[in-house]
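Chemist: here is my input; please provide its structure:
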Amino acid sequence: MQLVSIRLITDDVRRMAEFYQLVTGVEPDWATPDFVEIVTPAGTLAIGSTRTVALFAAGSARAADNHTAIIEFLVPDVDAEYRRLRAAVTDFVNEPTTMPWGNRSLLLRDPDGNLVNLFTPVTEAAIARFSVR
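Modeler: Next up is the predicted model:
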C-alpha cells in the first residue's frame, strides 16, 4: 500500500491553493476549479471543494472542521521559513521551537484553520531518522 495524498475539503479552493503555494513554493496543479494538487517529492496535498463531497457521500467531510491532524512539511531551515512567511501569514501558533524529539518546529494555521507544521531535524537522532525517508 502506498500513501498517495492527503485531501483537504474547503469552501474556497483558490484561497487554500494560494496559501499552500506560498508556504511550499510549489505551483498548484489544477484539475478543475473544484480540485487542485500541491505535488511534492514526498507526497501530494490535494484540495477539494465542498461541492466534491457529494461524490463520495454527502456529509462525509466538512470544510474547516479539522481538530486532529497536522499537515507537516520537512524544510531545510525552519527559521528562514519563519522569516520568509512572517509578512504574509498572520496565524502562527508558535515561533520556531526545538521539540524534545529533535525537530525544530513552526506551527501555523492555513486559511481554514488546519494546523501546518514546518520542521527541520536538528539533533543527530532526528537528522538520522529523516535521512532514510
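
Chemist: wait, is Phe119 part of a strand?
Modeler: Yes - going by DSSP: H, G, I helix; E, B strand; the rest coil, the assignment for Phe119 places it inside a strand.

Chemist: and it, how many neighbours?
Modeler: Other residues near Phe119 number 24, with proximity taken as other Cβ atoms under 10 Å. For every residue, glycine as well, the C-beta is placed using N, CA and C.

Chemist: start to end distance for stretch 80-95?
Modeler: With Cα to Cα, to the nearest Å as the measure, the first residue of stretch 80-95 is 12 Å from its last.

Chemist: just the helices in the chain please.
Modeler: With DSSP state H as the criterion, the chain has helices at 13-24, 53-56, 78-85, 124-131.

Chemist: neighbours of Gln21, just the number please.
Modeler: Using other Cβ under 10 Å, Gln21 has 14 other residues around it.

Chemist: same question, the one 3 residues further on
Modeler: The burial count assigned to Thr24 is 17, neighbours taken as other Cβ under 10 Å.

Chemist: can you tell me the closest non-neighbouring residue to it?
Modeler: With Cβ to Cβ, 6 or more residues apart in numbering as the measure, Ile38 is the residue that lies nearest to Thr24, at 5.8 Å, once sequence neighbours are left out.

Chemist: for that neighbour, what are its contacts?
Modeler: For Ile38, the contact set (Cβ atoms under 8 Å, 6 or more residues apart in numbering) comprises Ala17, Tyr20, Gln21, Thr24, Val26, Pro28, Asp29, Thr44, Leu45, Ala46, Ile47.

Chemist: rerun at 10 Å
Modeler: The contact partners of Ile38, by Cβ atoms under 10 Å, 6 or more residues apart in numbering, come to 5, 8, 16-17, 19-21, 23-29, 44-47, 73.

Chemist: cool, and Ala42?
Modeler: Leu3, Glu72, Phe73, Leu74, Arg133.

Chemist: by neighbour count, which of those residues wins?
Modeler: Going through those with other Cβ under 10 Å as the criterion, the one with the most neighbours is Phe73, at 18 neighbours.

Chemist: with adjacent residues omitted, what lies nearest to that one?
Modeler: Beyond its immediate neighbours in the sequence, the residue positioned closest to Phe73 (Cβ to Cβ, 6+ apart) is Leu118, lying 5.3 Å away.
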